[in-house]
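> coordinates for the following, if possible.
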Amino acid sequence: MAAGSAAAKGALHLINWGKKIIPATADEIAEFGPNAARVKGLLSMLNNTSRDAARLSTEAYPGIRIFPAEQVAYKAGRRLEQSNAIDATKYLPEGYDPKVKSDKLWAVLPANMSARAEVVSDLITPEDYRNLTRPMAVGRRFDMTLPNAPEGFTNIARSLGERGLVQGPKDIEIARRVSMLPPTMQQVYLDLVGEGTDPMQLLKALRLMGQ
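Numbers count the residues shown, from 1 in each chain. Alright, predicted model coming up:
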C-alpha cells in the first residue's frame, strides 16, 4: 500500500490539537503546504501548553523511536522545503530560554517533529505519524486531563515521566487512574512500577487489594 493511501486510511487517528481546526490563509498554505490548517492548530496549541505538559513531552521524546519516522517525513517528497523549514521556536513567546529550568519548559524537539509530521500527514503512514507526534500528544493529553483529574494526578504523572515511564497518551490515563487510588496504594504503585512491569496489570492488582 502506498504511504499516501495508508495515511489517508489513518486520517481518523490524526491528533486534535485544538478545539476546532481554523482554516488556513493563503500565506499559511504557501508556508506550510496543503495541511497548513493542522500545522496552524499545533503551533497555536504551543502557546497554551503548561510547563508540566511540556516537560512530559520532552521526557517522552528520547524513548520513542522517532528518527526513522523523521527521515520518512523528510523524504515524503511534496512540500519538502516546508518540512525542513519548520522551527517551533519561532512561535514561542518572547523571552523563552530552554536553558532556564525555572522558566516555562517548552518541548522544542517534540514540537518540531509534530509540525513536520503535520506538514506531510497525508503522505506518511499512520504509524510514522503517531511516532512523530506521540511526545507532543503526551503533553496534550495531560493538559486535557488535568482540569477534572484527582488531586494527586500531577505528582503521579511527574514521577512516571521522570523515570521514562510516560511514552504515550495512554500512560497519562494510567497516571490519572493511579491518582484515584488511596495515597498508600499510590506509593506502592510508584515503588513497584518499572522496567518489565505491566503498568495496567499492576494497577488492576492494587485495585483488587484495595477492595
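> domain ranges for the protein?
The chain breaks down by automatic domain parsing into domains covering 3-148, 152-211.
> mean confidence for the first one?
Averaged across domain 3-148, the pLDDT comes to 77.
> please apply the same query to the shortest one.
For domain 152-211, mean pLDDT is 90.
> where is the longest helix in the protein?
Identified as the longest helix of the chain according to DSSP state H is helix 126-145.
> next, give phi and psi for V193.
Backbone geometry at V193, expressed as degrees, to the nearest 10, gives phi -70, psi 140.
> before we move on, the earlier item: contact partners of the next helix or strand after the longest helix of the chain?
Moving toward the C-terminus from helix 126-145, the first helix or strand encountered (DSSP states H and E) is helix 153-162. Helix 153-162 is touched from outside by 52, 55-56, 59-60, 142, 145-146, 166, 171-172, 174-176, 178-179, 186, 190, 193, with contacts defined as CB atoms under 8 Å, 6 or more residues apart in numbering. Yep, even glycine has a C-beta here, placed from its N, CA and C like the rest.
> ditto for stretch 191-211
Contact with stretch 191-211 is made by L160, R163, L165, D171, I174, R177, V178, L181, P182, M185, V188, Y189, as judged by CB under 8 Å, 6+ apart.
> show me what counts as buried in the helix or strand containing the fourth one.
By that I understand D171. Taking DSSP H and E as the definition, one finds D171 inside helix 169-178. For helix 169-178, burial by neighbour count (16 or more other CB atoms under 10 Å) applies to P169, D171, I172, I174, A175, R176, R177, V178.
> now swap in stretch 159-167 and tell me
Neighbour-count burial for stretch 159-167, counted by 16+ other CB under 10 Å, picks out S159, L160, G161, L165, V166, Q167.
> dump these to CSV, plus distance to I15.
Supplementary listing: those in CSV, determined by distance: CB to CB, whole Å:
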residue, distance to I15
S159, 25
L160, 21
G161, 19
L165, 21
V166, 16
Q167, 15
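> what segments of the chain are helices?
With helices called from DSSP H, the chain shows them at 3-9, 26-32, 36-46, 51-60, 67-74, 80-85, 108-119, 126-145, 153-162, 169-178, 183-192, 199-210.
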